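In: Structure for this input, please:
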Amino acid sequence: MTSPVEYALAYAAIGWPVFPLEGKRPHPVLGPKGGFKLATRDTKIIERWWTAHPDANIGVPCGPTSGFWVVDVDPRNHGDTAWTTLLEQSKDPDSDVVSVSGAHDFLLSKGIVPRFHVECDPRPHKADNIAVPHVDTEYLLSSTCHPKLFEKVAGAKIRLWHTSDGEVARRIVDELKSKAPLVFGGGSVGLRSLSVMYRMGYRKLSIFGMDCSFSDDGSVKWAGAHAQKENQKEFPLVRVHYNGRIFTTTWILLTYGTDFFDMMNRMLEKDPSIELRVYGDGLLQARVSGPTEPIEVLMEKVKQEAA
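Out: Alright, predicted model coming up:
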């Protein structure tokens, strides 16, 4: 084989869906909507794409679709240290690994079985983050989760809780006479999972990821391949300056970062016994390590292309 189309057809033949990329850049040839969601094993479509773009590189979506995952460990930003620490802690019999969102399948693919998986997002695509529920994982699901997610994990160990977000949550408890607990917390599943684990009695918490930022160019948007809303158009990228560094993020992630500090300050005031460690090299980790200073927005609406 000598041409890109031959390799693309060969990948499709072994079960890997493909899509064309711009040379060595991780940008889809077919435009913002022509990324991994259009990946296919259809030989006629593949031949048509590479006939129109004969020099295009080959993209293969990671995750359940292809059956493999990729870990990009960046030693320059302490990624090797964080990953090594996670592996060590996952083997500690006194530690329990908790996953949220796409971390479920990602960790399983690396031989790490989450003790718990937490979810509270009501959108149906969240069910796609779980290829197959694991027999040793207990699924801590909020009553706000979409029925599709409950169907996906049917037969697995499930523990119900209620997201305490005002009158609607209290009506669920009162009208259904539910004895499942109400759990307060932040606006993301990562933040809410901290409250869930605290409610379950955990006081030593280690956070891996939850960076509240992306890669420097904004092309890597999520920690591992997992389902998300189409293109995330409602969350345009912004570039900010903090403590001598530039971070690419979104307004909603900046809000989550603020919520993190507000929530942890309240929890620590209530219970000083909490021990929290944060691993990684994103904006949240930079803010935790300090010094405290304002975040300066340098550029709004950074050019964003779907990957």
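In: so which strand or helix has V240?
Out: strand 237-242 (DSSP states H and E).
In: Likewise for F261?
Out: Assigned by DSSP H and E, F261 belongs to helix 251-270.
In: Can you tell me the strand partners of the following helix or strand past that helix and which way each runs?
Out: Downstream of helix 251-270, the next assigned helix or strand under DSSP H and E is strand 275-279. According to DSSP bridges, strand 275-279 forms sheet pairs with strand 204-208 (parallel).
In: Quick check: the gap between Y139 and S109.
Out: The gap separating Y139 from S109 is 18 Å, by CB to CB, to the nearest Å. From N, CA and C alone the C-beta is placed, and that goes for glycine too.
In: Check whether C120 really touches S164, as I assumed.
Out: No - checked against CB atoms under 8 Å, the pair C120 and S164 is beyond contact range at 10.6 Å.
In: Between the two, which is the more surrounded one?
Out: Between C120 and S164, counting by other CB atoms under 10 Å, C120 is the more crowded of the two (24 against 18).
In: How about the contacts made by that one?
Out: Applying CB atoms under 8 Å, 6 or more residues apart in numbering, we find C120 in contact with L141, S142, T144, C145, T163, V189, R192.
In: pLDDT check: weakest of those?
Out: Note: of the contacts of C120, the lowest pLDDT belongs to T163, at 83.
In: want to throw the contacts of C120 into CSV with neighbour count and distance to P54?
Out: Listed next are the contacts of C120 as CSV, based on neighbours: other CB atoms under 10 Å; distance: CB to CB, whole Å:
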residue, neighbour count, distance to P54
L141, 21, 48
S142, 24, 49
T144, 17, 48
C145, 23, 46
T163, 23, 51
V189, 20, 43
R192, 26, 48
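In: so of these, which ones are in strands?
Out: Counting by DSSP state E, the contacts of C120 place L141, S142, T163 in strands.
In: List the buried residues in stretch 41-59.
Out: Buried residues in stretch 41-59, counted by 16 or more other CB atoms under 10 Å: R41, I46, W49, W50, H53, A56, N57, I58, G59.
In: My error: substitute stretch 131-145 in the last question.
Out: Residues P133, H134, T137, E138, Y139, L140, L141, S142, S143, T144, C145 are the ones in stretch 131-145 that count as buried (16+ other CB under 10 Å).
In: care to break the chain down by domain?
Out: Annotated domains of the chain cover 4-59, 75-210+253-289 [automatic domain parsing].
In: Could I get the full set of strands for the protein?
Out: 19-21, 57-59, 98-100, 116-119, 138-142, 157-163, 182-183, 204-208, 237-242, 245-250, 275-279, 296-302.
In: closest to G35 out of those strands?
Out: Comparison of these against G35 by CB to CB identifies strand 19-21 as nearest, at 6.5 Å.
In: Can you give the contact residues for the closest one?
Out: Here strand 19-21 makes contact (CB under 8 Å, 6+ apart) with 8, 27-30, 34-36, 38-40, 49-50, 53, 56-59, 61.
In: Identify the residues contacting T51.
Out: V5.
In: Would you convert the contacts of C120 into JSON lines that also reports distance to P20?
Out: Below are the contacts of C120 laid out as JSON lines (distance: CB to CB, whole Å):
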{"residue": "L141", "distance to P20": "38"}
{"residue": "S142", "distance to P20": "39"}
{"residue": "T144", "distance to P20": "39"}
{"residue": "C145", "distance to P20": "36"}
{"residue": "T163", "distance to P20": "41"}
{"residue": "V189", "distance to P20": "33"}
{"residue": "R192", "distance to P20": "39"}
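In: of these, closest to T2?
Out: V189 (46.4 Å).
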